[in-house]
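[1] Sequence below, structure please.
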Amino acid sequence: MNKLIKIGIGSLAAILITVGVSSFTTSKKSKSDKQKLEGFWYSWEDGLKKAKEEDKIILVDVYTTWCGWCTKMEKDTYEKDSIQKLIGENFVPIKINPETTTTYKIGDTTYSGVQIVKFLASGKNNRSYPITYFWLDPEKGNEGRRKYLQKNYLNPDQMSQVLRRIVKIKNK
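    Below is the predicted model:
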């Protein structure tokens with residue numbers, strides 16, 4: 001009986017160690033992915049400046065903190081190296097949470113989060129999340145009219161197709 005208890009305790013210890021190590025490994029991976037993305041996104045001001053200087057398309061990921069699909073898209077799509085590479089070649093990525101008090105400036109005009117999203121949507125109110133906007137002519141400031149939107153969650157394959165299509169539109 002004593003021998004069975006020792007085997008049971010040993011097995012339990014082995015299971016706990018395995019679970020603990022795999023939890024540590026998973027959280028460590030998530031942290032590095034998050035750190036990788038922190039340098040990926042630009043602020044509105046820096047992104048607008050970079051897009052104008054390099055003649056790149058602005059990609060705006062509009063999200064909220066309560067949106068589960070937004071979080072899923074961040075992890076499933078934006079963390080992928082292949083997607084980051086495609087974006088880096090032709091786009092300047094910016095994140096906007098319209099529910100914050102952050103303001104966004106284009107020329108002499110200052111916008112709230114809701115107003116900048118309405119500007120990107122060419123005057124329409126879009127309140128579904130996630131939503132991705134593409135602004136092809138930011139160098140024209142408030143007069144920039146070439147804006148496109150993609151509603152809803154996109155997996156990496158779908159995002160890749162959309163990114164390639166937007167680049168083709170800009171190059172026409």
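[2] where along this protein do the helices fall?
    2-38, 44-54, 68-73, 81-90, 113-120, 156-171 (DSSP state H).
[3] helices and strands around the second one, which ones?
    For helix 44-54, the packing partners by 3 or more CB pairs under 8 Å, 6 or more residues apart in numbering; DSSP states H and E come out as strand 57-62, strand 91-96, strand 104-106. Yep, even glycine has a C-beta here, placed from its N, CA and C like the rest.
[4] What pairs with the last one, parallel or antiparallel?
    Partner strands and pairing direction for strand 104-106 (DSSP bridges) are strand 109-111 (antiparallel).
[5] Could you pull out the buried residues of the partner strand?
    Using 16 or more other CB atoms under 10 Å as the test for burial, strand 109-111 gives Tyr111.
[6] any idea how far that strand is from the chain center?
    The chain centre lies 23 Å from the centre of strand 109-111; the measure is CA atoms, centre = their mean, to the nearest Å.
[7] got a list of contacts for that strand?
    103-105, 119, 142 (CB atoms under 8 Å, 6 or more residues apart in numbering).
[8] go again using 7 Å as the cut-off
    With contact meaning CB atoms under 7 Å, 6 or more residues apart in numbering, strand 109-111 is reached by 103-104, 119, 142.
[9] can I get those in JSON lines with pLDDT, neighbour count and distance to Asp61?
    Formatted as JSON lines, these follow (pLDDT from 0 to 100; neighbours: other CB atoms under 10 Å; distance: CB to CB, whole Å):
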{"residue": "Thr103", "pLDDT": "95", "neighbour count": "12", "distance to Asp61": "18"}
{"residue": "Tyr104", "pLDDT": "95", "neighbour count": "22", "distance to Asp61": "14"}
{"residue": "Phe119", "pLDDT": "90", "neighbour count": "18", "distance to Asp61": "16"}
{"residue": "Asn142", "pLDDT": "80", "neighbour count": "11", "distance to Asp61": "22"}
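[10] Of all pairs in these, which one spans the longest distance?
    Maximum pairwise distance in these, criterion CB to CB, is 15.0 Å, between Thr103 and Asn142.
[11] Domain ranges for the chain, per the record?
    1-33, 39-171 (automatic domain parsing).
[12] Pick the most buried one from those.
    Mean neighbours per residue, mean count of other CB atoms under 10 Å, is largest over the domains of the chain for domain 39-171, with a mean of 16.
[13] Considering the domains of the chain, which stretch scores lowest in mean pLDDT?
    Lowest mean pLDDT within the domains of the chain: domain 1-33, a mean of 45.
[14] Perfect, that will be all.
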